[in-house]
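Peer 1: sequence plus the predicted model coming up.
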Amino acid sequence: MADGFFVTPPDEATLRFAWQHRNDDVAQLLLSSHPEVDIRAAARQIEGLQTAAAKWPTLLNSSTFCYPPRLNCEQASSEATANYKAQLCQRLSGPTAVAADLTGGMGIDTMALAAKLRKVHYIERNESLYQLAVNNFSALKISNIVCHNAEAENWIATTAEPLEVAYIDPARRDAHGRKVAAFEQCEPNLVALMPALLAHARRVVVKASPMIDIALAISQIGPIAEIHIMAVGGECKEVLFVSGEAGDIAMHCVCIAHGRVADFAYSRREAAEAQATYCQHAQRYLYVPHAALMKGGCFNLIGHRYELLKLDRNSHLYTSERLVADFPGRVFEIETTTPLSRKHIAPLLPDGRASVLCRNYPAEAADLQRQLRLRDGGSHTLVATTIMGRRLGLLCHSVQIDN
């Protein structure tokens, strides 16, 4: 069990206390005296409520939802990615499907699946986490989830009910709590378990670390029909592998932001065949792909599809004279190109403020910012990069686009 895990959900008084103090400082609260409640359980609940504000906003509609310890909350999917996966599984199998979440955990993915499918099996080996989820599903009046306190391997080996979708998110920590990414290092060992999953379910959907080696993963658990790379808030969060017939793989680089989902879809063959066109110098606009596209690695295809010029082979930045308003990433207008020295930068930024972004440049952004004696803030971004073999800075400001 996770350190500090409670075996049973908090009582009503503790839940009520946590709800009333949901905006309080947890560290200060633990130092205060509240003998009428289990203060440690209340603190865990408050931490969960504060996490929910950003990660699972819908859960804030329930004052009786019981949150697990911090580590379990950190490992759980966000509401946005869970909803995306549920819609994906509905597309793969139809709304009358039976699915299984084989590594149920906190139950976020299970609840999202249950909202889109006829029946979902929740499987969780940790008894305390299982009991907490059972309590929460009941409190939320979700009636189409069947719960099992079992190992994923044992459940899949003994269940008689066929599945349209088996969803699995293997634990990405080893016995010492260190993060791992490779499938054979996860718990359960997905490489060993995959044959049983493929034999029992029409489709298998695997959630992997954003650090996963995609080519290696395909060789280990293939055949793969689709890969979905998800970025939320500018950060790559998950990579999903969907089993299917051998052939060209459909790629989806997905950016979820401000309640909207942008999907850059392509095939691996299309990406491999695309050719880049390079610029001689930076033009009026600069384009920075979002994190999922960076993970996908379809760099030539990005430029080809949007008719943009690439700055350099390894810079993965693009430029154009005309504005491409639907570009999947950040867009800047370039004010000037400059050598990256204090002498050249200081006159351009009299207030000494700018964000710094380094791409294909031999320094970290924080280090370059210190070298140039710049502070964060202001309306400018200084992009340090390489353009046709020359290391230069692009002083820019953001272009706000209402798509």
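Peer 2: Structure's in. What do you need? Numbers count the residues shown, from 1 in each chain.

Peer 1: and the residue most central in space within the chain, what element?
Peer 2: The residue lying closest to the centre of the chain (C-alpha atoms, centre = their mean) is Lys237, at 1.8 Å. For Lys237, the host element (DSSP states H and E) is strand 235-243.

Peer 1: from the chain's centre, how far out does that strand sit?
Peer 2: 7 Å (C-alpha atoms, centre = their mean, to the nearest Å).

Peer 1: mean confidence for that strand?
Peer 2: When pLDDT is averaged over strand 235-243, the result is 97.

Peer 1: output the contacting helices and strands for it.
Peer 2: Applying 3 or more C-beta pairs under 8 Å, 6 or more residues apart in numbering; DSSP states H and E, we find strand 235-243 packed against helix 79-93, strand 201-208, helix 214-221, strand 224-232, helix 291-296. Yep, even glycine has a C-beta here, placed from its N, CA and C like the rest.

Peer 1: next SSE downstream of that strand?
Peer 2: Past strand 235-243, further along toward the C-terminus, the next helix or strand under DSSP H and E is strand 250-257.

Peer 1: need the residues that contact that next one.
Peer 2: 80-81, 84, 225-234, 261-268, 271, 290-293, 295-296, 298, 328-329 (C-beta atoms under 8 Å, 6 or more residues apart in numbering).

Peer 1: give me the distance between the longest helix along the chain and the centre of its chain.
Peer 2: Assignment by DSSP state H gives helix 39-55 as the longest helix of the chain. Counting by C-alpha atoms, centre = their mean, helix 39-55 is centred 21 Å from the centre of its parent chain.

Peer 1: for that helix, which positions count as buried?
Peer 2: 39, 41-52, 55 (16 or more other C-beta atoms under 10 Å).

Peer 1: okay if I get these as CSV plus pLDDT?
Peer 2: Shown next, in CSV, are the buried residues of helix 39-55 (pLDDT from 0 to 100):
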residue, pLDDT
Ile39, 91
Ala41, 90
Ala42, 92
Ala43, 93
Arg44, 92
Gln45, 94
Ile46, 95
Glu47, 95
Gly48, 95
Leu49, 96
Gln50, 96
Thr51, 95
Ala52, 96
Lys55, 96
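
Peer 1: could those residues go into CSV alongside distance to Ala246?
Peer 2: Converted to CSV, the buried residues of helix 39-55 look like this (distance: C-beta to C-beta, whole Å):
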residue, distance to Ala246
Ile39, 56
Ala41, 50
Ala42, 53
Ala43, 51
Arg44, 46
Gln45, 48
Ile46, 50
Glu47, 45
Gly48, 43
Leu49, 46
Gln50, 46
Thr51, 41
Ala52, 41
Lys55, 37
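
Peer 1: circling back to that earlier point, now the contacts of strand 250-257: which count as buried?
Peer 2: The buried subset of those (16+ other C-beta under 10 Å) comprises 80-81, 84, 225-232, 262, 264, 266, 268, 271, 290-293, 295-296, 298, 328-329.

Peer 1: ok, Glu235 - contacts?
Peer 2: Ala291.

Peer 1: how close does it sit to Glu36?
Peer 2: As judged by C-beta to C-beta, to the nearest Å, Glu235 and Glu36 stand 41 Å apart.

Peer 1: Phe183 too?
Peer 2: 48 Å.

Peer 1: now do the helix or strand containing Leu382, average pLDDT.
Peer 2: Here Leu382, judged by DSSP H and E, is contained in strand 380-387. Average pLDDT, strand 380-387: 97.
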